[in-house]
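K.L.:
fold the following, please.
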Amino acid sequence: MFRMPENLLNEIKKVIPTKKYSTGRPQKNIDFILHGIFYVIRNGNRWSDLPDCYGPKSTVHGRFMQLVRLGIF
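P.N.:
Below you'll find the predicted structure:
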């Protein structure tokens, strides 16, 4: 499993918006999501090849697309 340095992970989490509403599904652990995003970027894999240890592929990809729309990536 690819792991980012904790200090880098904490810096990235500072700019990622959190969910403001208490209704709906709770958000997945952002640590696993970020590790999954950087795993795909670093290795050049397709989203469908993302290992299960990072969570559902569609969740990781959806969160990545949300971060792209916000200008973080």
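
K.L.:
could you use CA atoms for every contact and neighbour count after this?
P.N.:
OK.

K.L.:
so, low pLDDT: which residues of the protein?
P.N.:
2, 21-22 (pLDDT under 70).

K.L.:
one more time with 50
P.N.:
Along the chain, segments meeting pLDDT under 50 are nowhere present.

K.L.:
and for it, the residue most distant from the center?
P.N.:
Most distant from the centre of the chain: T23, at 21.0 Å, with distances by Cα atoms, centre = their mean.

K.L.:
distance of that residue from L67?
P.N.:
Here T23 is placed at a distance of 21 Å from L67 (Cα to Cα, to the nearest Å).

K.L.:
G36 touches S58, doesn't it?
P.N.:
No. Proximity of G36 to S58 does not meet the contact threshold set by Cα atoms under 8 Å, at 11.2 Å.

K.L.:
if you count surrounding residues, which of these two has more?
P.N.:
Here G36 and S58 are set side by side on neighbour count (other Cα atoms under 10 Å), and the busier one is G36, at 27 against 12.

K.L.:
chain neighbours aside, what residue packs nearest to that one?
P.N.:
Nearest in space to G36, with sequence neighbours left out and distances taken as Cα to Cα, 6 or more residues apart in numbering, is Y54 at 5.2 Å.

K.L.:
for the one you found, give me its contacts.
P.N.:
By Cα atoms under 8 Å, 6 or more residues apart in numbering, the contact set of Y54 is 32-33, 35-36, 60.

K.L.:
between these, which is closest to K19?
P.N.:
Within the contacts of Y54, distances to K19 taken as Cα to Cα reach their minimum at I33, with 14.7 Å.

K.L.:
so for the closest one, what's the nearest residue that isn't a sequence neighbour?
P.N.:
The spatial neighbour of I33 that comes closest, neighbours along the chain excluded (Cα to Cα, 6+ apart), is V60 at 5.4 Å.

K.L.:
I'd like to know how far that neighbour sits from L67.
P.N.:
Between V60 and L67 the computed distance is 11 Å (Cα to Cα).
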